[in-house]
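Colleague: Sequence unavailable; structure follows:
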């Protein structure tokens, strides 16, 4: 029988076969919910490990909370799982009758359901520490793990969702005005046509913190996360997207929506375009924007592929692809990403703003233009602080800025490489600029050093600028260094011929360059790679490691290297 406490809380004990609770009240959760009818009291339903399902028709459920103030708790004092099984026909749990945050579901395992958990309408249950696995949504077509819609706003934490499949939002689907919160959860191995991990659709919103999305796949958009249309995501801090893939946006796809990311890591994601993130805008009157702080994107790839039917170029943006959108990154890193075509780190087209603040673009590559950054027909490329280093492309190893106004300040552009192919020469290892007649380009207090246009003819080692017919002196430079570039001409036309520019305030040229002690690989940074190179030559008289030129590579050379540790051009 049920037990009533002094706090007007009714306790029910549920056991599918009576093995754990010999005097169990019921064999199913739904029987306990149906029995509890006192609106002035609360109920706690203790569920013993077991297997709970019902033989229902498609569209029914294993249990529904029916608007009642209940807590449904797995009894952890017994070994085993409390499994809610949908028999591949029904939902696990339904919450759609005005439930508030007093409703708690904790520690259950939902499996083999059409939808593990469905929250719909103005409901706000608390769902914690549950597992949802092996669910496939054939009936709804979305939200095989969780479907949250129509103004629902549950608080969700500690979830593990894996191997779920649907057309939209296989792990979690948030739609039509819903606004849930999701914390400290894992979504893995889920797949959909759109939004393999999480999908946020139709004027919906989700707040995320401490969530990991791994190895999820979408046939079309958003392997890890997709947001569209007129929806938004606020990822507050902590969490990752790893090993996800799609045609557009291997990690994240944003269409006519906004994304705010803080402290998120995206690694090893792949797409035809937008290896980590793809942003596109289908409605010019709706703002489409990505804002990110401490975003880390590594080892992502725009592989190229058939995008027939999509108005986007393939193989663009190994890290980020942005079309008719704005992107603002602060204290972020895009590293070791590759693009089959252009924009190894970032490719931005036809947008309003690309703003990079204290952001590092390092080790990215593109076969054609913009190893670090490709920015074309964007209102303004605004860069303040940070570093572009060791990026490679045919033109614009560091960046390729075309038909775009740009303002670059306090930026280090070091060790970038122009990589010619068999038929074309490289130009502008640091930057390739091709402004329109109405564009302005300014460079202030920058270090443009140790960039090289390798193995070609008529190359510009630092900056190549392709000025419109009849235009000249479109580039303005203040207090900036041009040191150690090859060829040594600071600014040239695409064929390497020196070109005039507004040289303000005594910019430094090659004649004033100084060597960089300890920089053995020529990337203008003294770091671990240089230290390991020295140690490989220990005890020899190899000049590649003999920093002090005393004919012995020894501890004195290590001390000199450590003293020079860091950027050659601070």
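Modeller: Thanks, I have the structure now. Since the model is a prediction, treat every value here as computed from it, not as a measurement.

Colleague: Okay, now the unreliable bits of the stretch 51-200 of the chain?
Modeller: Counting by pLDDT under 70, the stretch 51-200 of the chain shows low-confidence ranges at 55-59.

Colleague: who's in contact with residue 323?
Modeller: Contacts here follow Cβ atoms under 8 Å, 6 or more residues apart in numbering; on that basis residue 323 touches 279-281, 312, 349-351. In short, each C-beta sits where N, CA and C put it, glycine included.

Colleague: That one and residue 316: what is the separation?
Modeller: To residue 316, residue 323 is 9 Å away according to Cβ to Cβ, to the nearest Å.

Colleague: what's the overlap in contacts for those two?
Modeller: In the contact map built from Cβ under 8 Å, 6+ apart, the residues linked to both residue 323 and residue 316 are residue 349.

Colleague: Just the closest of the contacts of residue 323 to residue 42, please.
Modeller: Proximity to residue 42 was ranked across the contacts of residue 323 by Cβ to Cβ; first place goes to residue 279, at 45.5 Å.

Colleague: Can you verify the closest one is assigned to a strand?
Modeller: Yes - for residue 279, which was evaluated using DSSP: H, G, I helix; E, B strand; the rest coil, the result is membership in a strand.

Colleague: pLDDT value on it, please?
Modeller: Among the per-residue scores, residue 279 holds a pLDDT of 95.

Colleague: can you check residue 533 too?
Modeller: Per-residue pLDDT puts residue 533 at 88.

Colleague: Please settle this for me: is it part of a helix?
Modeller: Yes - judged by three-state DSSP, residue 533 forms part of a helix.

Colleague: and it, how many residues sit next to it?
Modeller: 16 (other Cβ atoms under 10 Å).

Colleague: Next, count neighbours for residue 466.
Modeller: As a burial measure, the neighbour count of residue 466 was computed by other Cβ under 10 Å and equals 17.

Colleague: On the strand side of things, show who the nearest residue to it once chain neighbours are set aside bridges to.
Modeller: Here the nearest residue to residue 466 in space, its sequence neighbours aside, is residue 434; by Cβ to Cβ, 6 or more residues apart in numbering that works out to 4.3 Å. The residues paired with residue 434 through beta bridges, assigned by DSSP bridges, are residue 402.

Colleague: I'd say residue 434 and residue 399 touch.
Modeller: No - Residue 434 is not in contact with residue 399 according to Cβ atoms under 8 Å; the separation is 11.4 Å.

Colleague: Tell me which of these two has more neighbours.
Modeller: Each of residue 434 and residue 399 had its neighbours counted (other Cβ under 10 Å), and the higher figure belongs to residue 399 (33 against 21).

Colleague: Please list all residues in contact with the residue lying closest to the more buried one once chain neighbours are set aside.
Modeller: Closest residue in space to residue 399, ignoring its immediate chain neighbours: residue 373 at 4.1 Å, by Cβ to Cβ, 6+ apart. Listed by Cβ under 8 Å, 6+ apart, the contact partners of residue 373 are 343, 345-348, 354, 356, 361, 381, 388, 398-401.

Colleague: will you turn these into TSV that also has distance to residue 170?
Modeller: Output for the contacts of residue 373, formatted as TSV (distance: Cβ to Cβ, whole Å):
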residue	distance to residue 170
343	29
345	29
346	28
347	28
348	30
354	32
356	33
361	32
381	36
388	37
398	39
399	37
400	37
401	39
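
Colleague: Okay, and which of those map to strands?
Modeller: Among those, DSSP state E puts 346-348, 354, 356, 361, 381, 388, 399-401 in strands.

Colleague: wait, which of those is closest to residue 247?
Modeller: Comparing those against residue 247 with Cβ to Cβ places residue 347 closest, at 15.5 Å.

Colleague: So the closest residue to that closest one other than its chain neighbours: helix, strand or coil?
Modeller: Of all residues not flanking residue 347 in the chain, residue 317 sits nearest, at 3.6 Å (Cβ to Cβ, 6+ apart). Residue 317 carries the three-state label coil when classified by three-state DSSP.

Colleague: hmm, back to that, now the contacts of residue 373 as a markdown table including pLDDT and distance to residue 256?
Modeller: Formatted as a markdown table, these follow (pLDDT from 0 to 100; distance: Cβ to Cβ, whole Å):
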| residue | pLDDT | distance to residue 256 |
| --- | --- | --- |
| 343 | 98 | 21 |
| 345 | 98 | 24 |
| 346 | 98 | 20 |
| 347 | 98 | 19 |
| 348 | 97 | 17 |
| 354 | 97 | 19 |
| 356 | 98 | 23 |
| 361 | 97 | 27 |
| 381 | 97 | 23 |
| 388 | 95 | 30 |
| 398 | 95 | 31 |
| 399 | 96 | 27 |
| 400 | 96 | 27 |
| 401 | 96 | 26 |
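
Colleague: From the residues you listed, pick the one nearest residue 263.
Modeller: Nearest to residue 263 out of these is residue 356 (Cβ to Cβ; 17.5 Å).
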